[in-house]
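Enquirer: One predicted model, sequence on top.
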Amino acid sequence: MGSDLYNVRVEKQTKTTVRLRVEAIHPDAPTLSNARSFALMLLRDGAKTRDALAKEVTATALLDPSWQAQHASSFVKKVTAAKGVVEITATAPEWIAHAKPGATWKSRAFPIDVTRAAVPGKTPRDDDAFLRVPAAVLRIPDLPAPKIRFAEMPIYDGAAYRAIDAQQKAAITPELLKKREGRAVAMKSPYGNVTGALVKYGTQYLVFSMTPAGATWTPVDGATSLALVELNPKGRRGTPLTRANMPKL
């Protein structure tokens, strides 16, 4: 998401409203905005992994205009920005619970243009929620090529799925990894919580995550939980991954 743009300090918090002092620290920092997308980014940048907002909203989702158009209003009810202060009214107390008076953080927030965002017109079936991706697409520079032919890639951000058959740290054995190779998984690890396809490169397993905005890969070493995933009917979806918008590595 680039460089830090603002210093943020919480001045006041009530049950569902928080007042933030927002100071630009970069010459390219946008003017403070009344957009819900901007407010949601400000709040999310201050949330830790354990906080309710971080569990519900991923960094990938924040950058998706379609997701913002559909779901920002589920978290942010009202925004007022003026003279270095952004006051945000949340839809529920848990979305601002982490923003305690005196808390500070840096933010890379900017308003997302949602006026042309594509909003899906139907609810996908579970078998529409994954893309069969050739292993050749999953090649990572300087690593051995995967031996599997295809991998099951989630087409939405991780918040659109729910975990099934989760196995905890002690049960994440070589046998389990071999059994789940190529499947769509959700992993909790010291590197963060990620959703993607489990792929073996040489002797190491990685969770390969892909969205229209790009691709990342996360080591399985140290994982505390590894689950298969299925589409959550109530999950928040944005722009789906397709063969046309799949990023090129």
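Expert: Yep, it's here. Residues are numbered from 1 along each chain as shown.
Enquirer: so Val76 touches Thr89, yeah?
Expert: Yes - at 7.4 Å, Val76 counts as touching Thr89 under the criterion of Cβ atoms under 8 Å. For every residue, glycine as well, the C-beta is placed using N, CA and C.
Enquirer: Pick out whichever of those two has more residues nearby.
Expert: Per other Cβ atoms under 10 Å, whichever of Val76 and Thr89 has more neighbours is Val76, with 22 against 16.
Enquirer: how close does the spatially closest residue to the more buried one that is not a sequence neighbour sit to Asp51?
Expert: Nearest non-adjacent residue to Val76, counting by Cβ to Cβ, 6 or more residues apart in numbering: Arg36, 4.2 Å away. The spacing between Arg36 and Asp51, counted by Cβ to Cβ, to the nearest Å, is 19 Å.
Enquirer: Same question for Pro190.
Expert: In this view, Pro190 and Asp51 are 17 Å apart by Cβ to Cβ.
Enquirer: just checking, what's the longest strand in this structure?
Expert: As assigned by DSSP state E, the longest strand anywhere in the chain is strand 192-201.
Enquirer: So what touches that strand?
Expert: Residues outside strand 192-201 that contact it (Cβ atoms under 8 Å, 6 or more residues apart in numbering) are 49, 133, 135, 138, 140, 143-148, 151-154, 157-158, 161, 177-178, 180-187, 205-210, 216-218, 220, 226, 229.
Enquirer: My guess is Phe110 contacts Pro30. True?
Expert: Yes - counting by Cβ under 8 Å, Pro30 is a contact partner of Phe110 at 5.1 Å.
Enquirer: can you list residues touching both of those two?
Expert: Taking Cβ under 8 Å, 6+ apart as the criterion, Phe110 and Pro30 both touch Leu5, Phe38.
Enquirer: So those two - more neighbours on which side?
Expert: For Phe110 versus Pro30, neighbours defined as other Cβ under 10 Å are more numerous around Phe110 (21 against 14).
Enquirer: who's in contact with the more buried one?
Expert: Contacts for Phe110 (Cβ under 8 Å, 6+ apart) come out as Leu5, Pro30, Ser33, Phe38, Met41.
Enquirer: Need phi/psi at the residue positioned nearest the centre of the chain.
Expert: By Cα atoms, centre = their mean, the mean C-alpha position of the chain lies nearest to Thr58, the distance being 2.4 Å. With angles defined as degrees, to the nearest 10, Thr58 sits at phi -90, psi 160.
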